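S.K.: I would like the atomic coordinates for the input below:
(2 chains)
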Amino acid sequence: MDKPINQGAWLLVLPVLLIVAFSAIVPLMTVVNYSVQDTFGNNQFFWNGIGWYQELLDPTTDLGGRFFDALWRNLLFSFLILAIEVPLGIAVALSMPRDGWRVAATLVVMALPLLIPWNVVGTIWQIFAREDIGLLGWVVNRLGIPYNYTADPLSAWVTIVVMDVWHWTSLVALLCYAGLRSIPDAFYQAARIDGASQWAIFRNIQLPKMHRVLLIAVLLRFMDSFMIYTEPFVVTGGGPGNSTTFVSIDLVKLALGQFDLGKAAALSIVYNLIILAVCWVFYTVMTRMDAQRN
Amino acid sequence: MEHVAWMAWTWQTGVFFVVIAALLALLTTLAVNRPEIAREGVLGITTTRGDRLFITLLGSAFIHLAWLGLVGQDLQYATVLALLYAAAVFRWV
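M.R.: From the prediction side, this is the model:
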């Protein structure tokens, strides 16, 4: 007997489609429209073609220079926090208790930084790192190390990197911990019988089991750090000078500060494309790894 | 048109989105009338027509941006390059 085909269920998807259209597709279309025009407000637009894109991709122009500088800062920031948070997260996960009441206690403590809103994290660190009234800033200066995140670019970078590590390392640790928990005890018993060293256990049992969650952690942390806005904006405001101005901060300055909607739209599109491409590469790598395993 | 004046439409961007919408409509029609089997290509991942369209559109955007950044004018050559890239993606990916 032939099964009747009923496509009526597609109608149930309509509300989602409408919401996505209004929250994502229509704004995205508008940004594309803005990116090829110039405006002085009052809903009057003037055709500019690919002008903004040309300016944006030419490092010798003001807009291009700003964009590439901010992009390199973004990439450096993402690289730094991944280089610190991933090994640190693995180390924390390995040292977390595996049973008893301490598991719950550790999980609660680890989850705390993740529950704090971004702007609150920024405010906490802005005060914590101040050289006059902040505990961290005051102690570091008392130790004889010059530290002032409002005047010295290196101090500002150290502050936002340490802040991000404090905020997000527990996410990597919790993901790794979930991976570690999925390893049956029999694996460890077999390793003990074979007389495997701690390093051999880590290299051959724990790391392969954490592989997938680690990739997810790297993807999440990369995307988040690449799109970071709130915390550095609250702590340094992109300064001193432009030393911590990331693409997102520059975008807001362009769009809302200078009201250069055309330039900001072109920058948004390119920024969006970079993020989309990185996401796709990560997705492809993960899918490939899954396929190879199966 | 007054209601969408804030969207600042131009005929060029209109054509751009109509082409993308037409491609999506074409793929939907094909999916209904000629269902396909996902295949594995040179990237080592299984892809459907929709995946290949996504890879094509994303890659084409980067081809145009790279052309703008490295060569400058005459974007029509970048478009030709993107069409060749699209053919390659649909053939081998």
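S.K.: Spatially central residue for chain A, please.
M.R.: Central residue of chain A (C-alpha atoms, centre = their mean): A:Asp224, 1.4 Å from the mean position.
S.K.: a helix runs through that residue, doesn't it?
M.R.: Yes: secondary structure assignment (DSSP: H, G, I helix; E, B strand; the rest coil) places A:Asp224 inside a helix.
S.K.: Now name the helix or strand holding the closest residue to it other than its chain neighbours.
M.R.: Of all residues beyond its chain neighbours, the one nearest A:Asp224 is A:Trp168 (7.2 Å), with distances taken as C-beta to C-beta, 6 or more residues apart in numbering or on different chains. All C-beta spots, glycine's among them, are computed from the backbone N, C-alpha and C. A:Trp168 is located in helix A:153-181, with elements delineated by DSSP states H and E.
S.K.: for that helix, packing partners?
M.R.: helix A:62-95, helix A:101-115, helix A:118-128, helix A:207-226, helix A:230-235 (3 or more C-beta pairs under 8 Å, 6 or more residues apart in numbering or on different chains; DSSP states H and E).
S.K.: Please work out the average pLDDT along it.
M.R.: Averaged over helix A:153-181, pLDDT sits at 93.
S.K.: In contact with the residue nearest to B:Val93 when sequence neighbours are not counted, which residues are there?
M.R.: Spatial nearest neighbour of B:Val93, excluding adjacent residues (C-beta to C-beta, 6+ apart): B:Gly41 at 4.2 Å. By C-beta atoms under 8 Å, 6 or more residues apart in numbering or on different chains, the residues touching B:Gly41 are B:47, B:92-93.
S.K.: Grab the nearest non-local neighbour of the residue in chain B that chain A sits nearest to.
M.R.: Closest approach between chain B and chain A, counting by C-beta to the nearest C-beta: B:Gly69, at 3.6 Å. Closest residue to B:Gly69 in three dimensions, ignoring its sequence neighbours and counting by C-beta to C-beta, 6+ apart: A:Leu57, at 3.6 Å.
S.K.: Chain B contacts on the stretch 1-150 of chain A?
M.R.: A:26, A:29-30, A:32-34, A:36-37, A:39, A:43, A:45, A:47, A:50, A:53-54, A:57-58 (C-beta under 8 Å from any C-beta of the partner chain).
S.K.: any weak-confidence spans in chain B?
M.R.: By pLDDT under 70, the weakly predicted segments of chain B are B:1.
S.K.: What are the boundaries of the strands in it?
M.R.: Taking DSSP state E as the criterion, chain B carries its strands at B:39-40, B:46-47.
S.K.: Please report the distance of A:Arg203 from A:Arg288.
M.R.: In this structure, A:Arg203 lies at 22 Å from A:Arg288, with C-beta to C-beta, to the nearest Å as the measure.
S.K.: Span of stretch A:236-254 from start to end?
M.R.: From the first residue to the last, stretch A:236-254 extends over 18 Å; the measure is C-alpha to C-alpha, to the nearest Å.
S.K.: B:Met7 contacts A:Leu28, doesn't it?
M.R.: No: the pair B:Met7 / A:Leu28 is not scored as a contact, 10.8 Å apart, by C-beta atoms under 8 Å.
S.K.: anything in contact with each of these two?
M.R.: With contacts defined as C-beta under 8 Å, 6+ apart, no residue is adjacent to both B:Met7 and A:Leu28.
S.K.: and the residue of the stretch 101-250 of chain A found nearest chain B, what is it in contact with?
M.R.: With C-beta to the nearest C-beta as the measure, A:Leu215 is the residue of the stretch 101-250 of chain A nearest to chain B, at 14.5 Å. For A:Leu215, the contacting residues are A:282, A:285-286, A:289, taking C-beta under 8 Å, 6+ apart as the criterion.
S.K.: Now A:Ile133: which helix or strand?
M.R.: Secondary structure from DSSP H and E places A:Ile133 outside every helix and strand.
S.K.: What count of nearby residues applies to it?
M.R.: One way to gauge burial is a neighbour count; for A:Ile133, by other C-beta atoms under 10 Å in any protein chain shown, it gives 9.
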